[in-house]
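Asker: Got a predicted structure here, sequence first:
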Amino acid sequence: MTDPQSALRHLFDVAVQRALPLHNTAAHLPPPPKGRTVVLGAGKAGGAMAQAVEALWPKDAPLSGLVVTRYGHTPPRPSGLPQRIEVVEASHPVPDAAGLQAAERILALAQGLTADDLVLCLISGGGSALLTLPAEGISLALKQDINRQLLASGANIAEMNCVRKHLSRIKGGRLAAACAPARVVTLTISDVPGDDPSIIASGPTVPDASLCSDALAILQRYAIAVPAEVLHALQSGTWETPKPGSPVFTGHALHMIATPQQSLEAAAEAARAQGLNAYILSDEIEGESREVGKVHAALARAAARGQGPFQKPCVILSGGETTVTLKPQPAGTPRGRGGRAGEFCLGLAQALQDQPGVWALAADTDGIDGIEDNAGARVSPDTLSRAAALGHKVDDHLQRNDAYGFFAAIDDLVVTGPTHTNVNDFRAILVL
């Protein structure tokens, strides 16, 4: 085997490669319709998904549309590929005016279509922030404030997106309703545990079974401060979403073109090709990132001792979407930097206590851990000792939610740049 960390990075690259849109789109494209084909979409993979459709769609068939992706996540255009779908960029994870303008334009493009027309909706993770169109009476500033509170609260992705879709004029199936009577075909890359399409990007083109009362309960559970008019609208059901069975979804289709499980299976196959036993825990793991890291550490330590269900040499793989609850800080204390993957690695390293024979890599498959410039971080059998030699204690960094500062100090950040896809958390622990 090559260097353990190089082997783990190879598994991450394989997982990302499996989820790239160009490899997964062709089988799910419908034939061109009698009328127009309009492409609408949002998400971190939006630019790459648009390019895949442009490359695969018949050259003599009409094609136009608009997709919004995150700043810096539009891939370089292949030589000779004409641009027929406009790609714009906006802010994630907190929405901005560019995202608002894109959502307004996308909703406008959905107007005036006929039964002869086809709408291809390209949806991937991150679309909830990128496709922001607040409900009547909500300003962008208020939507931004609620979003920030949710991100810091520890709410999981299903809870956050339940709130987001009920405070929106375009999410929660409303975009599909706006496209009527055109047929809608949604191509989705999943970034959520369980691959529920109503949660991915807050489900702009699919039925929503959640209720305004559910959104209200989530706001109350996490003590999210909202104005009285928002509470009243949710209490009265004014902002209810289109439900399963609604005729607005008649004739529509949805295809899941890439999922976390598929990427984990690709990584497992690559590990076995290197002579390793490969075990996939789950693609649906949720919970507080540092605590999930501690559970993974217990499994790795058992395997290192020759105990438990995993036989070394092995790789233990998992995916899903963990959460980070920001710790209160003393006044004047700067908050740390980092995202879910880095905080998982902090919890893992703390619990492993430099366990011999164990290495790990955790990274977000979109190439961005939270809002930082790294995808994640690495853990080695000497992580804590190297950090301690430089005066860094893992407990201090956990208290500040400062995974970035900890792993930057020991040169163990994983930096990839945008990958142009998104199947969420990737975690691999190598036990030799």
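Answerer: Done, it's in. Residues are numbered from 1 along each chain as shown.

Asker: Assess the claim that Gln399 and Pro330 are in contact.
Answerer: No - in this structure, Gln399 is not within contact of Pro330 by CB atoms under 8 Å, at 10.3 Å. (C-beta placed from N, C-alpha, C; glycine too.)

Asker: More neighbours: which of those two?
Answerer: Gln399 (14 against 5; other CB atoms under 10 Å).

Asker: ok, and the closest non-adjacent residue to that one?
Answerer: Lys327 (5.9 Å; CB to CB, 6 or more residues apart in numbering).

Asker: Same check on Arg272?
Answerer: Ala278 (5.3 Å).

Asker: Identify each buried residue in the helix or strand that contains the one you found, please.
Answerer: If you go by DSSP states H and E, Ala278 is part of strand 277-280. Using 16 or more other CB atoms under 10 Å as the test for burial, strand 277-280 gives 277-279.

Asker: what's the closest of the residues you listed to Ala268?
Answerer: Ala278 (3.8 Å; CB to CB).

Asker: Closest one to Leu20 out of the buried residues of strand 277-280, please.
Answerer: Distance to Leu20 across the buried residues of strand 277-280 (CB to CB) is lowest for Ala278, with 21.3 Å.

Asker: Return the residues in contact with that closest one.
Answerer: By CB atoms under 8 Å, 6 or more residues apart in numbering, Ala278 lies in contact with 267-269, 271-272, 314-315, 317.

Asker: And the helices in the stretch 51-200 of the chain?
Answerer: Under the criterion DSSP state H, counting those that start in this stretch, the stretch 51-200 of the chain carries helices at the ranges 97-109, 127-130, 140-153, 157-166, 174-179.

Asker: same question, the stretch 251-400 of the chain
Answerer: For the stretch 251-400 of the chain, applying DSSP H, counting those that start in this stretch gives helices covering 260-273, 289-304, 340-352, 383-389, 394-399.

Asker: Adjacent strands (with direction) for the strand holding Ala278?
Answerer: Take DSSP bridges as the rule and strand 277-280 pairs in its sheet with strand 314-320 (parallel).

Asker: one step back: the residue nearest to Gln399 against Asn401, yeah?
Answerer: Yes - assessed by CB under 8 Å, Lys327 is found in contact with Asn401 at 5.8 Å.

Asker: Would you mind telling me which of those two has more residues around it?
Answerer: Remark: of Lys327 and Asn401, Asn401 carries more neighbours, 25 against 13, as counted by other CB under 10 Å.

Asker: who touches that one in this structure?
Answerer: So Asn401 contacts 324, 326-327, 335-336, 338, 343 (CB under 8 Å, 6+ apart).

Asker: Next: Arg77.
Answerer: 51, 83.

Asker: Is the spatially closest residue to Ala363 that is not a sequence neighbour bridged to anything, and to what?
Answerer: Of all residues not flanking Ala363 in the chain, Gly376 sits nearest, at 3.0 Å (CB to CB, 6+ apart). In this structure, Gly376 bridges to Ala363, Val414 when assessed by DSSP bridges.

Asker: Tell me where the stretch 1-150 of the chain is predicted with low confidence.
Answerer: 1 (pLDDT under 70).

Asker: what about the strands in it?
Answerer: 37-42, 64-70, 86-90, 118-124 (DSSP state E, counting those that start in this stretch).

Asker: Output the ones you listed as JSON lines; include the columns distance to Gly112 and mean neighbour count.
Answerer: Formatted as JSON lines, these follow (distance: least, CB to CB, whole Å; neighbours: other CB atoms under 10 Å):
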{"stretch": "strand 37-42", "distance to Gly112": "10", "mean neighbour count": "28"}
{"stretch": "strand 64-70", "distance to Gly112": "13", "mean neighbour count": "25"}
{"stretch": "strand 86-90", "distance to Gly112": "18", "mean neighbour count": "19"}
{"stretch": "strand 118-124", "distance to Gly112": "12", "mean neighbour count": "28"}
